[in-house]
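S.K.: Fold the following for me, if possible:
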Amino acid sequence: MKQFGEIAFTEHVKAEQDLRGSREMYEGMVNRPAPEGFGEPEATFIAMRDSFYMATVSEDGLPYIQHRGGPRGFLKLLSPTQLGFADYRGNRQYVSVGNLQSEKRVSLFLMDYPNRARLKLMGHARVQEAEANPDLAETLALDGQGQVERLFTLDIEAFDWNCPQFITPRFTEAELAASLGPMVEELQTLRQENAFLRQELGR
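M.R.: Coordinates of the predicted model:
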């Protein structure tokens, strides 16, 4: 792998950093040894995600961002430097699939809104039909999601953790249920007790 800044900090980016006084700080980041692959924090974070955003580039040079969602764990760690996920039948626009025919580079944002964390990834993607690689299809498939049509494998070249500033906390229905569940149960108990007392006093 490379340091994230080796890829992200182009000459134009460096010029802006010089102009605005942040170049020295980020130069230290780039000069650190690059990780050999994902560590335990990244592996755990990836396994907990139920969605991510993936950017591709068309043959005309226009960027396109797609949201991908599924059950937790649908984005799988295949090796310390490779991720994969199964592609099921969707709206059949095939924008990302088409873009990857001419340009393999991708960028991903993995978000944890409740904890205000973001993992940024850069790499190259490959798309293949599921029937061409049944073993990988079996590895990436999830029960109850239907028939796998295609397989995405992502060879990650660099990653970076972002600071939590400006990440607005958001919660899924399941996260809210886990957090509010005890309070809901207590409220239901109080309602039952209140109804019982009303009945007793009404006698």
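
S.K.: from here on, contacts and neighbour counts on C-alpha atoms
M.R.: OK.

S.K.: the domain parsing of this protein - what is it?
M.R.: Described in terms of automatic domain parsing, the domain architecture of the chain consists of the residue ranges 1-33, 35-170, 171-203.

S.K.: highest average neighbour count across these?
M.R.: With neighbours taken as mean count of other C-alpha atoms under 10 Å, the domains of the chain reach their highest mean count in domain 35-170, at a mean of 16.

S.K.: okay, how far is it across it, tip to tip?
M.R.: End-to-end span of domain 35-170 (C-alpha to C-alpha, to the nearest Å): 30 Å.

S.K.: Quick one: residues contacting Ser51.
M.R.: His67, Arg68, Gly69, Gly70, Arg72, Leu110, Met111 (C-alpha atoms under 8 Å, 6 or more residues apart in numbering).

S.K.: what's the longest helix in this protein?
M.R.: Assignment by DSSP state H gives helix 173-201 as the longest helix of the chain.

S.K.: Poorly predicted segments of the chain, please.
M.R.: The model of the chain has pLDDT under 70 over residues 203.

S.K.: can you do 80?
M.R.: Within the chain, the stretches with pLDDT under 80 are 90-91, 179-181, 183-185, 187, 193, 196-197, 200-203.

S.K.: Quick one: the helices in it, in order.
M.R.: 4-8, 11-20, 23-31, 40-47, 95-99, 134-140, 173-201.

S.K.: So which of these is nearest Phe85?
M.R.: helix 134-140 (5.6 Å; C-alpha to C-alpha).

S.K.: That closest one - contacts with which helices or strands?
M.R.: Applying 3 or more C-alpha pairs under 8 Å, 6 or more residues apart in numbering; DSSP states H and E, we find helix 134-140 packed against strand 82-88, strand 148-162.

S.K.: same thing but at 10 Å, please
M.R.: For helix 134-140, the packing partners by 3 or more C-alpha pairs under 10 Å, 6 or more residues apart in numbering; DSSP states H and E come out as strand 76-79, strand 82-88, strand 148-162.

S.K.: Redo those strands as JSON lines? Include distance to Arg105.
M.R.: Listed next are these as JSON lines, based on distance: least, C-alpha to C-alpha, whole Å:
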{"stretch": "strand 76-79", "distance to Arg105": "18"}
{"stretch": "strand 82-88", "distance to Arg105": "14"}
{"stretch": "strand 148-162", "distance to Arg105": "9"}
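
S.K.: Got phi/psi on Gly70?
M.R.: Dihedral angles of Gly70 (phi, psi; degrees, to the nearest 10) stand at phi 170, psi -180.

S.K.: I figured it was touching Leu142, is that so?
M.R.: Yes. Contact criterion C-alpha atoms under 10 Å: Gly70 and Leu142 qualify, at 9.2 Å.
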